[in-house]
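Trainee: Turn this into a structure:
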Amino acid sequence: MVYGAIDLHTLHSQIRFVDDDGVLVEDMRIPTTRDRLTSVFSGRATMKVLLEASTESEWVAQHLESLGHEVVVADPNYTLMYATRSRRVKTDKRDVAALADACRLGIYRPSHRRSPAHRRLRRQLQVRDHLIRLRTKTINLVRAQLRAEGVRLRSGVAQTFKARVEQATGPEDLAQDLKPALRLVTLLLRLTDRADGPLARRARQTPTARRLMTVPGVGPITALTFMATVDTPERFATVSPPTSYLGLVPVEYSSGEQQRRGRISRSGDPTTRGLLVQAAWSLLRTHDPGAEPLKKWLRQVSQRRGRRIAIVALARRLARILFALWRDDSVFDGRRLELATLTARAV
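Mentor: This is a model prediction of the structure:
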C-alpha cells in the first residue's frame, strides 16, 4: 500500500508518497489548487493521506476524499507525529517526510472535523461576530474623539448611538469629521440586524437550540455558537472535557506534594468562551425564578473567591449544563439542579 502526506500551505504544498517499508515513491511541490491536486491524486489506487489541521485542510480533505482516498486530518499539537524530524532543521521536505512516516506507522491524533451544517453555521456566526467587533471599534473611535474635545456622551445602546452623538454639543468641524464613522455605525447596525434575523429563526426551529435556551442567560446566539463549536456531544464521554476544550479550566502544575493552579487556560474558541461569560453575567441580573439555584451557587463562590472568579466558574458550569442538556435531550430544571447540588454536598 502507498501512504501519502501533504505539508499544506496557502500557495504551495509539499507532497510525499512512501510504500509499506517507508521507501520513497514520489516527492513533489505543487501549487495548492484543486486542479493541481486532481492531477496528482486522480487515477491512483486508494491510499491513506495525512495532513495537518489548518485553515485549508478541510477543503483539501474533502477534495481528496472525492477522488477516492482516505484522508486523516491530524492534530498538529501531537508532538509524537514529528518524532522522526530533527528539531534543529525545519524545512517543508523534512516536515512532509515526518508526516509520511506518521501516516504509515499510525502515529497521529486525528483532529475533529465538523459536520457541513455546523461548518456553515460557524461561518455565519463568525461573520456576525466580526460585524459586531467592527461596530464596537468604530463606536469607541467616535467616543474617543468626542472626549478629546471635551464632549460628554450620555450612555445608551448601540442602536441610539448616532442620535446621541448628533444631540451632543460640540465644535461644528468635529461633527463634520465624524460623519463617515457615524454612517459606518449605521451600516453595521443594519448588517448585524440582517444577520441576527436568520440566526434567531434557526435557533427557534432547531430542537437542540431550543432546549439549550431554557438555561437562564442563554440566548439564540450563545446556543448556536455552542452547538457549532462542540459540533456533536458524542465527541466527549463526560461533561468535563468540553470545559477544557473551551479553555474554561485552570492551568495546573501539580507534582508530588505541590499543587499549583493558575488562571483558565483560554484554549479553544474565544468567542464561545466569551459568550458563556456574558451568559453568566446575564444570569446574575435575571429575575427568572429558575435561575435562583445558580445565582445562589454564584453568591457562595463570590464570597470565597470574589465575583470575577465566580463569574468564570459559572461560565464553566453553564458549559457543562449545556453539554448535558444536549447529550440527554432534556431541558433546564432549576429544582432538579438544586436537588443534585444538595445531594452532592450530603455525599
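
Trainee: Any idea how many residues pack against the nearest residue to R154 once chain neighbours are set aside?
Mentor: The shortest distance from R154 to any non-neighbouring residue, by CB to CB, 6 or more residues apart in numbering, is to R164 (5.9 Å). Heads up, the C-betas are built off the backbone N, CA and C, glycines and all. R164: 14 surrounding residues under other CB atoms under 10 Å.

Trainee: got a list of contacts for whichever helix or strand R164 is part of?
Mentor: Element membership for R164, per DSSP states H and E: helix 161-167. The contact list for helix 161-167, computed with CB atoms under 8 Å, 6 or more residues apart in numbering, reads I139, V142, L146, L153, R154, G156, A175, L178, L182, V185, T186.

Trainee: and these as TSV, adding neighbour count and pLDDT?
Mentor: TSV is the format used below for the contacts of helix 161-167 (neighbours: other CB atoms under 10 Å; pLDDT from 0 to 100):
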residue	neighbour count	pLDDT
I139	20	97
V142	18	96
L146	19	94
L153	16	90
R154	8	88
G156	10	92
A175	16	88
L178	19	94
L182	18	96
V185	23	97
T186	14	96
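
Trainee: what residue ranges in the stretch 151-300 of the chain are flagged as low confidence?
Mentor: Applying pLDDT under 70 to the stretch 151-300 of the chain flags residues 254-258.

Trainee: Narrow the contacts of helix 161-167 to those in strands?
Mentor: Per DSSP state E, strands hold no members of these.

Trainee: Mind jotting down where the helices sit in the stretch 51-200 of the chain?
Mentor: Secondary structure of the stretch 51-200 of the chain by DSSP state H, counting those that start in this stretch: the helices cover 57-66, 92-105, 116-148, 161-167, 172-205.

Trainee: Of those, which is nearest R305?
Mentor: Nearest to R305, of all the helices of the stretch 51-200 of the chain, is helix 116-148, at 29.2 Å by CB to CB.

Trainee: what about the closest one, distance to the chain center?
Mentor: Helix 116-148 sits 16 Å away from the centroid of its parent chain (CA atoms, centre = their mean, to the nearest Å).

Trainee: And stretch 74-83, by the same measure?
Mentor: Computed by CA atoms, centre = their mean, the chain-centroid distance of stretch 74-83 equals 21 Å.

Trainee: Alpha carbons only: can I get that stretch in PDB?
Mentor: Taking Å, rounded to 0.1, in the frame of the first residue of the first chain, the C-alpha atoms of stretch 74-83 are listed here in PDB:
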ATOM      1  CA  ALA A  74      -4.300  15.300  12.200                       C
ATOM      2  CA  ASP A  75      -3.800  17.500  15.300                       C
ATOM      3  CA  PRO A  76      -0.600  19.400  14.800                       C
ATOM      4  CA  ASN A  77      -0.100  19.700  18.600                       C
ATOM      5  CA  TYR A  78       0.600  15.900  18.800                       C
ATOM      6  CA  THR A  79       4.400  16.100  19.000                       C
ATOM      7  CA  LEU A  80       4.900  12.300  18.500                       C
ATOM      8  CA  MET A  81       3.800  12.800  14.900                       C
ATOM      9  CA  TYR A  82       7.100  14.500  14.300                       C
ATOM     10  CA  ALA A  83       9.300  12.000  16.100                       C
END
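
Trainee: And the nearest residue to T38 once chain neighbours are set aside, how far from R44?
Mentor: Once flanking residues are discounted, T38 sits nearest to L67: 6.8 Å by CB to CB, 6+ apart. According to CB to CB, to the nearest Å, L67 stands 8 Å off from R44.

Trainee: Then H118?
Mentor: 31 Å.

Trainee: Kindly report the same for T91.
Mentor: 25 Å.

Trainee: Same question for K296.
Mentor: Separation of K296 from R44 (CB to CB): 63 Å.

Trainee: Please say which of those two ends up with more neighbours.
Mentor: For K296 versus R44, neighbours defined as other CB under 10 Å are more numerous around R44 (14 against 11).

Trainee: surely E252 meets I264?
Mentor: No: contact criterion CB atoms under 8 Å: E252 and I264 do not qualify, at 10.8 Å.

Trainee: list residues touching both of those two?
Mentor: Joint contacts of E252 and I264 (CB under 8 Å, 6+ apart) do not exist.
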